[in-house]
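# Here is a sequence together with a model predicted from it:
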Amino acid sequence: MKKRILALLLAAVMVMAMVPSVFAAEATGTCGENLTWAKSADGTLTISGTGDMTNYNMTTTGALVNLKSLAGEFTSVVVESGVTSIGDDAFSYCDTLESVTIGDTVTRIGIHAFANCEALERVDLPASLTEVGLMAFDQCNALSDVYYAGTREQWNSISIGDGNEPLTQATIHFAGEAPAKNQIGDHITWALSGGTLTLTGTGEIPFFNSSIESITGSFTTAVIGSGITRIGNSTFFNCNELTTVTIPATVTAIDDLAFTGCTALTDVYFGGTEAQWAAITVGSSNEPLTKAAVHYNATSFTDVPANAWYAAEVEYAVEHGLMQGIPGGKFDPDGIFTQGQILTLLARRAGVDTRGCDPWYQAGVEWAKEKGVSDGEKPEETITRAELATLLYRCADSPAVSTSQMNKWPDASSIPDSEAVSAMAWCVENGIINGTGDGKLLPLGTATRKEVAVMIQRYCEKLA
């Protein structure tokens, strides 16, 4: 009996020895006074222990000794809780590294810590982080997503050294908050439609390692919204299909290389005066910009004159992401507007993500049905002024309003129903509709794009 048990145990040991363990460490070592590293067979390097990591640097012979030279190739790094810092140059030039997860006790990422990790796509960072060293993520140009365990306010308080644009330009996923799509930095978003790139927001367009085109794709027209103050280094670098750019009067600086290689650029539409243009600080290597024809006192669109009665409202609608231009840097102010477009616009104003739908108006229609704004049954038909007024009236919760003054309008009798009468009376009372030059309301007239922009701007200002 004892021999049988011994034989079974021996057989089990032999079988276990023949089965490779994916969990066993392939290599191990130290990387701090109280820290160890272990690389598993699946290519994961795990840092364990307590305290700070070693700061690595070049040897006297010029060789870089760090985790790559010590552990060999790996594809992911996991820094466990207890570690308090990532050492200088710890993972630099780890060109197979794809993802990094850093535990909740790390406060500092050292200088060049992940520099030149060209395959790095995702980084998970803790809320405990307070400092990111100089060029810690330099040349990590594949980095697309950063998952941060803290809030937006905590992120903004982190001291991030120069040369970390791949980190700051990635999509930041904050804890409990959906990331803003098509976002550049904290305050600027972009939209690409029919070859026109529109940038909206406030503050500075950040430095780009390559070009904004690496994020957005190619375009021929760029419209920079009012409120943006600086065009960062290399923003439009080598955008060789760009022919027209609109720059607002709020821009005061254009950095080096911002328009280098824009060989097709012919026209610049500037929202201010010639004196304001001359006062802009323009960095070096921007000859395509400085040699282009500059049109002063221009709006964001070539077909919207600066002195047009609807120009400010068009700018408002575009800057707030409610409307967009059409290909060629135009707005098409006299173009038609469909019911699907207005429902999409109103849904967008309510915070609904309306992009990527099939059909394109689906999100707007669903939102309108849910809120009781519209049945959404005719999304591809044009919208009349009375129908637009009714939608805005419903969005405002159909407040009580007197209709006694409506008789002063000669075409008031053509308003189709009692709700539309109340809606138009409310719009007139609140300055959303002022009537046409000949004193009519034109309730059955098709609402043009410029009229929609004007009514929407006034409506938003009323409810602000």
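Thanks, I have it.
# C-alpha from now on. contacts and neighbour counts both.
Noted.
# what about stretch 112-131, distance to the chain center?
Relative to its parent chain, stretch 112-131 has a centroid offset of 20 Å by Cα atoms, centre = their mean, to the nearest Å.
# Keeping just the C-alphas, turn it into CSV.
Output of stretch 112-131 as CSV, limited to C-alpha atoms (Å, rounded to 0.1, in the frame of the first residue of the first chain):
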residue,chain,number,x,y,z
HIS,A,112,12.1,59.9,-19.0
ALA,A,113,10.4,57.1,-17.1
PHE,A,114,8.5,55.8,-20.2
ALA,A,115,10.2,57.9,-22.9
ASN,A,116,10.4,56.3,-26.4
CYS,A,117,8.0,53.5,-25.5
GLU,A,118,6.6,53.8,-29.0
ALA,A,119,4.1,50.9,-28.7
LEU,A,120,2.5,52.2,-25.5
GLU,A,121,-1.2,52.6,-26.0
ARG,A,122,-2.8,52.6,-22.5
VAL,A,123,-1.8,53.9,-19.1
ASP,A,124,-3.8,53.5,-15.9
LEU,A,125,-2.8,56.1,-13.3
PRO,A,126,-3.7,56.5,-9.6
ALA,A,127,-5.4,59.4,-7.9
SER,A,128,-2.3,59.5,-5.6
LEU,A,129,-0.1,60.9,-8.4
THR,A,130,1.2,64.4,-7.9
GLU,A,131,4.1,64.7,-10.3
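# where do the helices sit along the protein?
2-18, 67-71, 152-156, 165-168, 213-216, 274-278, 287-290, 311-319, 339-349, 362-371, 385-395, 418-429, 449-463 (DSSP state H).
# possible to save those helices as CSV with mean neighbour count?
Formatted as CSV, the helices of the chain follow (neighbours: other Cα atoms under 10 Å):
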stretch, mean neighbour count
helix 2-18, 11
helix 67-71, 17
helix 152-156, 14
helix 165-168, 22
helix 213-216, 14
helix 274-278, 14
helix 287-290, 18
helix 311-319, 21
helix 339-349, 22
helix 362-371, 19
helix 385-395, 22
helix 418-429, 21
helix 449-463, 19
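# can I get those helices in a markdown table with mean pLDDT and distance to I111?
Below are those laid out as a markdown table (pLDDT from 0 to 100; distance: least, Cα to Cα, whole Å):
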| stretch | mean pLDDT | distance to I111 |
| --- | --- | --- |
| helix 2-18 | 47 | 43 |
| helix 67-71 | 84 | 15 |
| helix 152-156 | 85 | 19 |
| helix 165-168 | 87 | 14 |
| helix 213-216 | 77 | 26 |
| helix 274-278 | 93 | 39 |
| helix 287-290 | 96 | 35 |
| helix 311-319 | 85 | 38 |
| helix 339-349 | 92 | 42 |
| helix 362-371 | 94 | 45 |
| helix 385-395 | 95 | 52 |
| helix 418-429 | 94 | 59 |
| helix 449-463 | 92 | 47 |
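# and L129, which of those helices is closest to it?
helix 152-156 (8.6 Å; Cα to Cα).
# Mind listing residues that contact that closest one?
Defining contact as Cα atoms under 8 Å, 6 or more residues apart in numbering, one finds that helix 152-156 is touched by 127, 148, 174.
# Quick check: the first one touching I158?
Which is A127. No: using Cα atoms under 8 Å, A127 is not in contact with I158, being 9.6 Å away.
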